[in-house]
Each structure stands twice: as structure tokens, then as C-alpha cells.
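**Q** Sequence and predicted structure, then a few things I'm wondering about:
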Amino acid sequence: MQPIHSARHGMWLTATIAGVRAAMLGVVLWTALWVGVAQADKGIGLALSGAGDTFQARFGDALSARLEEKGERPLWRTPERSELLIALGDDAFRRALSLQRPVLGVFVSRQVALDAYASGCACSAFFQEADPVRQLRLARILFPAARRIALVTSPHSAWNAGLLLAHAESQDLVIEHHTAANAAELARSLPRWLAQADLLLAVHDPELYSPDTARLVLLTSYRQSKPVIGPDEFFVQAGSVASSYTSGADMVDQVAAAVVRFRQRGRLPPPDFSDHVSVRLNEHVARTYEVPLQAPESLARQLETQQ
Amino acid sequence: MATGGLMRFRGILALLVLIALTGNLHATDLVWVPEGASDIPVVLTPARLRQPQSEVPASVTVIDRELIEASGARELYEVMRLVPGMSAVKADGNVPTVAYHGTQARDSRRMLVLVDGRSVYQPAFSRVLWNDIPVAVSDVERIEVTRGPNAASYGANAVTGIINIITRHPQDTPGSSVMVRGGNNGVSDARLTDVRRWEQGALRTTVARRADDGYDKPFRGREIRDAKLVETLDMRLSHDLTERDTLEVFAGGALSEVERLEEGALLDFSTVYGPPDEEARSGFGQVRWQRQWSPDHALKVQFYAQHLDGTQRAELCAHDPLTGEMGPGGGLLYSRELRELYEANNRDVDATLAAAGSDPAVVQRYMTLINSGAGPFCHRLKQDVQEQRLDFEIEDTLRLNDRVRLVTGANVRHDRGKSVALLNGSAHNNSYALFGNLELIPLRALHVNLGGFWQWDQINSARFSPRAAAIWRLAPGHGVRLVYSEAVRNIDLYEEKADTRLRAYNMPATFRADTLGLLGWDNPELFVTQTAGGDLKPERVRSREIGYFGRFMQFEVDLRVYEESLRDLISEPTNPFRFDATNDNQVSHRGWEAQASWRPHPQHLLRGTYARRHTEADIDPERRLAARHISSMLWRYDFREGWMFSSAYYLARKYSNNRFYEQATAQLTRNVPLARGELALSAQLEHNVSGDAVVFRRNDYLDRSRYWLSAALNF
């Protein structure tokens, strides 16, 4: 009988061990599942600052929707408690830097963003300026015959020339770069500079391309039959042929991608121009210059695929 | 209440305009508006924009600043050599003739020339005085030449074409500058340009002078007298009154002194001891107001007044009709009795002179002169001309939608001419015009253009000049056009009311003391006189053309195949010695022409034109400028920063049936940056390749090459 008992006792022990193992596995799995669910439920703590309330609210709503499409759950918190602070515009970006939180600037001036980045902040930004190289690409799509590109900058925007010259050389283009210290010098010299160019590439520079100088720039170039590309969609409405720009919706896509990356890798991409762009085309002016009309969306896709 | 309602209405209107302007941009929800960006006004409105060249219902040549610089032209007319089919030569001494599909050597009657929208076509004598256009070449921004009739847009006299000279906007003039130029052939030019800018506008003022010796090779042992000196003043002011209103003021004038050749008819019965000189003083003032009612609606109102006062003087001694030598008997040519005999012989000069010896009254007068003891009958002949024009025009541009654009307008004009020698006083003509032009795009690839210009004036009554054109746009930048148009050249004041009286001025003391006793009247006149019949009708042209404009990358081409029929032409001379004005002549042209430009490299520009023309005319003078082949080639090479080389070649085969016009030019310029400004140095060479005289045998140079150097300081 003993052997039998022993045998029965051995079977019970085995069953018990198996049961304990199963229970432990269950606990581990449950814990893992619970932890996973709890982690997913936690989401990422984001905060938005800057811009007007309306724009900020709309941007936040659009970003939430985009993140959720990507499987992320944004948790909107106060800036001080956020894991990532999204700052809209230069002022908000500067203020955000003082909170000692990771900051992602949006529609931030390139110089402001680069200065902060160089000083070692835990930050990054997507610039408000259009990528000049992309603007040049747009110019080439619309005016394939244009080879001599006039680029007029102030000392503050002279960095555009550095980016463009390198690109232009490989494209067999000539960048005629001129510097005007202010609007008065622009008024004096622009006619002469345009004379030797096929088109004018206007870059983001409030000193030279502003509501106060739009009339000067656009009429001067038009009188010489020299089309203007850039610097933004507002100038296109005023009379430049076309411009690429980052719309609010484009920026939402760009930020959503950065947030996901931040969450996965724990770091932000370096400051840069947005990869997502739109194109605005002034059809009336384009027709005057005999530009084959294309849908702005198609132009934007061409620019994005050329990157 | 009414004021409040008006204010509310304006407020709503402003809001609607704002919504219309910004609606598209803010239609999407998320628009990032940088500070101030949304305040940018709409500058290039649809109503302000011009048609692309492939949609223009005509053959158009545009000569821009880059080409003008490359041409190296000293004088404005020289730039016109770049236009296919255009004759631009100094046919009459130092007086340029510019004519598209030119026929008569001195003919500038059949082409309209506008400077900033002001017609420089002189109303009384149907001419364009290229020497007196007060615009320096350096102040020209662009020249648009419509090849073919375009009276539907510009009214009468746009018969063979239109030259539209657009000066630089004062805002676009780089800065003040001073230029001097000198070379062989007596070239001596100078220019001073001053530019003032302020927040809403700018003012450019240019004072210039140019002088040269003209054709300097003696002809038949005599020196050719065609040196000239021209001094000009030109001013353009632009001021933005508001965001939507612009006021422009133009003013200027010219003083010209040109040596002239003796009239052949004068030499038949006179010895010229003081060769003719021609002086002209001209001035103009022009005001233009432009308003943008909306992006699709613009209005332009313009008024100008211009005046020209020209005099040609010659000192001569009349030949004694019996001996053919100078003497008191020469006074007979200015006697009342010979005039009466001339009238009795139906104004036939030869018959009058043949009958003079047997006419008792004439013989009596001759004997009186011979026995008077007076010296030779030497005197001054003077042809005085004053022309004035007052012109008011209103033009409205309305873009109804993407497919319909309408330009309408009205014009009122007063022309006045005064000349003792040619009109025996003054004459005037008032004209009234209505015009319209409708651009339709019924299909995406089809553009239709219907236009007409109705004009009534006191001399020519009512005339209507229509045009219909269809343009098939193969692709953006490519258009095939079919154009039918008609135009008229109006009879001018002189053709309608000529009454020539060549009076003798500065007579010798003996004749002045007893003019009535010696010559039979107090104000002696040459016995030859001419009077217009007043029964002429306008010259007409009818044109059909097929054209193509295309742009492929760096290559641009325009082709024109045409047939032009000019009817009711006044081709015979209408001068004080011979006035055979009839509408009996006709000319027809058939041919084709092409212009192409190509920029193979950013530093190189190549351009060529060619025109092949077959002209049929029923009278020789209408063939003098009818060159069968006209072409030009130009190369511009910006080879280093601040350096430019250009070269051009011009050919016309053949003028006056047998003369080649073949010229080559070369130019080297260097811009040297200075601490404040720039120094521009230039060397130019013009070479007569064929060695032929220009149009007429007397038009020749001693040296086949002419060169000049210039230096300009821009600051």
C-alpha cells in the first residue's frame, strides 16, 4: 500500500507544483497585462502654451485626434506637470524653456530655436520659416527655365544663402545673393538686382518682406516681369506666384510624429523645418507668367517626395 | 440717419471685401498667422495683371531692359532694329524713320507710337519725331511692339503696328546717375538722372543731351548737312494716394537742332547760301489716376497736353528766271503777277514758267525789278509748324469671372495745328471715341477676343475699327492665334486743309523799302502755292494673320504668317512744291516672320529675328523701305561679375531696291563697385558691314566704323 500511497502522494505533489506554476504564470501574466494596461492608460502628459486661445484649443484638439490615430493617449496637463511642453510661437517657446521641462517649439523662428538648442536646452522646434531649399524646388517646378535666382536677404536672414548655394550648385543654378540692410535699401537696389535674374526667391524676413514692403516687392518685380516665389502664403495672396508653407494641419502631423518618437525613444529630433508642407498658388499671377496650373496638393506631394 | 446708414453700408462693404480677400486663406481651421502677416494687401489684383503673351490677340515683340542694354543703343529708334519686319534707319539725313512693314522712306504716318500711354504721333502732319521723344534709352523699362493693325485697341493710325514705350517707374530707377559719352562721328552725349523717393512714391528727373555729325561722307562733292543736337528733359512722378489709388505725373520736353538738306525743288530756282536748319521745341504734361475698386475692377483716367513748335529756316537767293543767275530778277518768283499766272495755268509750275516770257504783266514786273537797281533777291524761307493736342481718356477694366474680362473706355481729343507756311493760319480737329474689348474663354483651351474702336472726328467723320481673334492654347505658354483686323489712318490737318504760303523774310533793304512797288504785294510769297482739295478719305488696312507663340524651357519663339492689304493710300508727294494728294494707291504685303530667344546658360542670351516680305505697290516710293529680308541677331554674355559683352548683327535686304543695310555692333561694359555707388564703363563699336549707303546714296559715313566710350557714375 505504501508504494501506492507514495505514488498517490507523489502525484498530488506534482499536481500541486503544476498548480503553483500555473498560478504564478497567471499572476505574472496578469501582472504584466495589468502593468501594460496601466501603462497604456497613463498616456503621455502633454501641455500646450502660446498663441491665442482659439488656435491653441484647435491645435490641441487636432493633435489629440492625430495622436489617438497613432495609438497614443495624450494627457493634457499644466505645463509644470507635463512630460513634454509644446510651445506655439517664439514667446511661448522662450517662456517654456524656463520651466525645466522638455519643450517642443512649434512655429518658432529658426534663430530662436537654434540659439536655445545650442545652449543645451532639453528642447527642439519646428521652424515657422519655409525651408528655402524647398522653396527653390518649388520655383524649379513652376519655372523650369529659370536659372538665375535672385535672393535678397537682410543680415538676419542671410543664413538662407548658405543653404541655397550648396543646393543650387548641384542643380546648375545661379543664386544671385544680395544683402539689404533695410527696406529703404531694398527699394533702392531691388530693381537693379532683379534685372539680372529670372525670378526672386523671397525668404522669411520681416525686415524685407512685410506688409509694408509687399507693394514695393511685388510691383517692382511685376514691372520687370520677374515672378516672386515665397516667402509665405500671405504673400501669395498679395501677389507672389506661389509658396510652400507649413499649415496648422501640417504642423499637427509633424508634432504628432515627434511626440510618438519622443515617447518611444525618449528624445526629440533636432530643430528643423517641417517635413509636412502645403503649397499655395496664386492662379491669376501664375497665369500671367504662363505657369502650367497644378493642384497645390500635387505640388506639395512633389516637394515632399523630393526630400 | 442717412449718414449713419451710409457708414453702416460702408462698414458692411468693407467687411465683405475683407472676407472676399481673406476668405480662401482662412477657410481651413488651422491657420498660423505670424504677427502682421494678415495685413498684407492684395497688390497684384486680377484687374491689374496683364495677359500672358500666348493669350494676346496679336503678334507682340517685347524688348525688355536686358535686351535694351545688350543692344547698346544710343538712340531710342535703334532699339527697334530688334523687331522682326521693322525698318529703323536714318533715311532722311539725321532724322530716323521707324516703320513696321515700311514702304515710304520718310514714312512714319502709319504707325502709332505711345510713351507711357501718351501718343507721340503728331496730329497735324501725321509724323513721329523720333529725335524729339524726350526719353533717354536708360530710362526705358520695356518696349512692347504690336506687329499688325491694332486700331481696335488704340484707335486710328495704328495701321501697320504700335510701339508702346514704357519708361522705368521712378521707384525702379536704381538711383541718381551722371553719364558722359564721346566718340568719333561727333558723338557727344551726356545725361543726368536724379531720383527722389519717399514713403508713398518717387520722382525721377532726367536731363540729357546727344549730338552727332550724322552721315559725314561728302556726296557729289558736297558735305552732307545732317548734324544734330538734341536736349531733353523727362520727369515721372508716382505717388500712392491710398492703398487703391495711384497718381502719376509725367512731364518733359525736347529742344532739337538738326541740320537739313536742301529741298531739291528749292535748288531748281535758288542758290542756298544759308543751308536749312530745323529747330523744334516740344513739351508735354500728363496726369494719370488709377483706382482699384476691387481686385477685379480697375479704373484709369488720364489727361495729357502736348505742344510742338518747329521751324525750318533756309537763307537763299532766287535765280533770275531769264539768266538763271542770282540777281534782282529773282524777285519775280515772289511777285504777285507770277502767282496770278500760276493760278491761270492751273498751278502747273512748268507751264507757268514757260508762259512767263509772253505774259505782259509778268514781263512788266520783271523789267521793274531789273531797272530797280536792287541787288540779288536774297531772303529767308521759313516753314513754321505748331502742333497741339489735348487728350482725355477714361478706361475701365472689369473681370466678371475667370472666363470674361471687359475693357471699355472713352476718349475725347482736340488737335490743333498752326503754320503760316503750310496752313496759312491754323486748323483744328476734335474727335470723340468709344472703345471696348471683350476677352472670353468659352473653353479652357480657347480664348476669343472681340474688340472695336468707334471714332468720330470733324475731318474723317465716323469710323469703326473692329478686330476678332481666336487663340487656341495648346498648353500653358503655347498659343495659336487667328486674327482679323481693320484699321484706318486718318486724314491729318495738313492733308485736309493745306494752304501753303512760302513767304520771303529778311529781304534786302531795297525790297523791304518798297515791297509793293517792286513785287506787287506787301507780303511777297513764292509763286508756287498748294491747296488741299478737302476730299481725301482715310487710308485703310485689312490684315489677316496666323500666329504661334510658344515657350519651351529656355527657348521662346513667335511666328507670324500674314497678308496685309492697304487701300486708299496717299502715296504721292504733299509738299509745298508738289501736292498730289489722292487716294489712288495701294500696297499689299504677304510674308512671314519669326523671333526666337534662347538662354542656353545663365550667362548667355541669344536672340534672333527674321522677316520675309513680298510687297506689291503700284508706285515706286511705296517700295523704298520694302526690304525683302530683314533680320537681326544678338548675343549677350555676362561673362564675369560686373562684366558684360554683347554683339548684334542687323540686315535689311534690300532698301531702295538695291542697297544692303548690314551692320554689326559690339559692346563691352564693366561695372566697378565703389564705396558708395558704382562706376559703369562701356565701349561700343558699330560697323557698317556691307559698305552700302543707307537707303539713299547720300546716306554714308566716312569711316565704316563708329565707336564711342561712355562712363556713368551711379550713386
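**A** Right, received. Where do you want to start? These numbers come from a predicted model, not from an experiment. Numbering: from 1, shown residues only, chains lettered A, B, ... in the order given.
**Q** what residues go with each domain of chain A?
**A** Domain assignment for chain A, taken from automatic domain parsing, gives A:44-128+A:248-265, A:132-245+A:277-306.
**Q** Out of the ones you listed, which one sits most buried?
**A** For these, the largest average neighbour count (mean count of other Cβ atoms under 10 Å in any protein chain shown) is found in domain A:132-245+A:277-306, namely a mean of 20. Every C-beta, even on glycine, is put in place using the N, C-alpha and C of the backbone.
**Q** Just give me how far that domain sits from the chain centre.
**A** 20 Å (Cα atoms, centre = their mean, to the nearest Å).
**Q** what mean pLDDT would you report for it?
**A** Domain A:132-245+A:277-306 comes out with an average pLDDT of 92.
**Q** Let me see the contact set for the residue nearest to the spatial centre of chain A.
**A** For chain A, A:Ser274 is the residue whose C-alpha lies nearest the centre (Cα atoms, centre = their mean; 2.6 Å). Contacts here follow Cβ atoms under 8 Å, 6 or more residues apart in numbering or on different chains; on that basis A:Ser274 touches A:126-127, A:131, A:246, A:250-251, A:254.
**Q** related to what we said a few turns ago, can you say which of the domains of chain A is nearest to B:Asn184?
**A** Within the domains of chain A, the stretch nearest B:Asn184 is domain A:132-245+A:277-306; the backing value is 29.9 Å (Cβ to Cβ).
**Q** for that closest one, how far is the first residue from the last?
**A** Terminal residues of domain A:132-245+A:277-306 are spaced 14 Å apart (Cα to Cα, to the nearest Å).
**Q** how close does the residue of the stretch 101-250 of chain A found nearest chain B sit to A:Phe273?
**A** When scored by Cβ to the nearest Cβ, the stretch 101-250 of chain A has A:Gly248 as its residue closest to chain B, at 2.3 Å. From A:Gly248 across to A:Phe273, the span is 16 Å (Cβ to Cβ, to the nearest Å).
**Q** same question, B:Met367
**A** For B:Met367, the distance to A:Phe273 (Cβ to Cβ) stands at 104 Å.
**Q** Neighbour count: these two, which is higher?
**A** The neighbour count for B:Met367 versus A:Phe273, taken as other Cβ atoms under 10 Å in any protein chain shown, is higher for A:Phe273 (21 against 12).
**Q** ranges for the strands of the stretch 201-307 of chain A?
**A** A:228-229, A:242-245, A:278-281 (DSSP state E, counting those that start in this stretch).
**Q** want to try JSON lines for those strands, with distance to A:Thr213 as columns?
**A** Formatted as JSON lines, these follow (distance: least, Cβ to Cβ, whole Å):
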{"stretch": "strand A:228-229", "distance to A:Thr213": "12"}
{"stretch": "strand A:242-245", "distance to A:Thr213": "16"}
{"stretch": "strand A:278-281", "distance to A:Thr213": "19"}
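**Q** thinking B:Gly117 is in contact with B:Val287, fair?
**A** No. Using Cβ atoms under 8 Å, B:Gly117 makes no contact with B:Val287, being 11.1 Å away.
**Q** Which of the two has more residues huddled nearby?
**A** Shown here are B:Gly117 and B:Val287; by other Cβ under 10 Å, B:Gly117 has more neighbours (18 against 15).
**Q** Report the contact partners of that one.
**A** Neighbour list for B:Gly117: B:286, B:288, B:302 [criterion: Cβ under 8 Å, 6+ apart].
**Q** Could I get the buried residue list for stretch B:425-432?
**A** B:427-429, B:431 (16 or more other Cβ atoms under 10 Å in any protein chain shown).
**Q** how close does B:Ser461 sit to chain A?
**A** As for B:Ser461, its distance to chain A is 39 Å (criterion: Cβ to the nearest Cβ, to the nearest Å).
**Q** and the buried residues of stretch B:425-432, which of them are in strands?
**A** B:427-429, B:431 (DSSP state E).
**Q** For the buried residues of stretch B:425-432, give me TSV that also has distance to B:Asp359 and pLDDT.
**A** Output for the buried residues of stretch B:425-432, formatted as TSV (distance: Cβ to Cβ, whole Å; pLDDT from 0 to 100):
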residue	distance to B:Asp359	pLDDT
B:Ala427	33	95
B:His428	39	96
B:Asn429	40	96
B:Ser431	46	96
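**Q** Please enumerate the helices of the stretch 1-150 of chain B.
**A** Along the stretch 1-150 of chain B, the segments classed as helices by DSSP state H, counting those that start in this stretch run B:2-22, B:65-71, B:76-79.
**Q** err, chain B, not the other one
**A** For chain B, applying DSSP state H gives helices covering B:2-22, B:65-71, B:76-79, B:151-154, B:264-267, B:336-344, B:349-356, B:360-370, B:420-423, B:493-497, B:509-513, B:515-519.
**Q** Below-threshold pLDDT in chain B: ranges please.
**A** Low-confidence segments of chain B (pLDDT under 70): B:1-29, B:36, B:38, B:263-264, B:656-657.
**Q** residue ranges of the helices in the stretch 201-307 of chain A, please?
**A** Applying DSSP H, counting those that start in this stretch to the stretch 201-307 of chain A gives helices spanning A:214-223, A:233-238, A:248-265, A:283-288, A:296-306.
**Q** okay if I get these as a markdown table plus distance to B:Arg512?
**A** Shown next, in a markdown table, are these (distance: least, Cβ to Cβ, whole Å):
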| stretch | distance to B:Arg512 |
| --- | --- |
| helix A:214-223 | 59 |
| helix A:233-238 | 73 |
| helix A:248-265 | 93 |
| helix A:283-288 | 68 |
| helix A:296-306 | 85 |
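**Q** So for B:Val694, which of these sits nearest?
**A** Distance to B:Val694, taken as Cβ to Cβ, is lowest for helix A:214-223 among these, at 35.3 Å.
**Q** what's across from the residue nearest to A:Val236 when sequence neighbours are not counted in the sheet?
**A** Among residues not flanking A:Val236 along the chain, A:Arg280 sits closest, at 4.4 Å (Cβ to Cβ, 6 or more residues apart in numbering or on different chains). In this entry, A:Arg280 is beta-bridged to A:Ser243, by DSSP bridges.
**Q** right, and A:Arg280 touches A:Ala238 too?
**A** No. Using Cβ under 8 Å, A:Arg280 makes no contact with A:Ala238, being 11.1 Å away.
**Q** what's the burial count for B:Ser138?
**A** So B:Ser138, with other Cβ under 10 Å, has 17 neighbours.
**Q** Show me which residues of the stretch 51-200 of chain A are close to chain B?
**A** A:51, A:55, A:58-59, A:62, A:107, A:128, A:144-145, A:147-148, A:173-174, A:184, A:187-189, A:191-192, A:195-196 (Cβ under 8 Å from any Cβ of the partner chain).
**Q** Which members of the residues you listed are positioned in strands?
**A** A:107, A:148, A:174.
**Q** distance of the second one from A:Asp172?
**A** The one in question is A:Arg148. A:Arg148 is 11 Å from A:Asp172, by Cβ to Cβ.
**Q** Now A:Ser170, what are its backbone angles?
**A** The phi/psi pair for A:Ser170 (degrees, to the nearest 10) reads phi -70, psi -20.
**Q** what's near enough to touch it?
**A** Counting by Cβ under 8 Å, 6+ apart, A:Ser170 has no contacts.
**Q** Against B:His604, how distant is it?
**A** Distance, A:Ser170 to B:His604, by Cβ to Cβ: 21 Å.
**Q** show me what contacts the residue of chain B found nearest chain A?
**A** Proximity to chain A, evaluated over chain B using Cβ to the nearest Cβ, is greatest for B:Leu30 at 2.3 Å. Contact analysis of B:Leu30 by Cβ under 8 Å, 6+ apart lists A:55, A:58-59, A:62, A:247-249, A:251-252.
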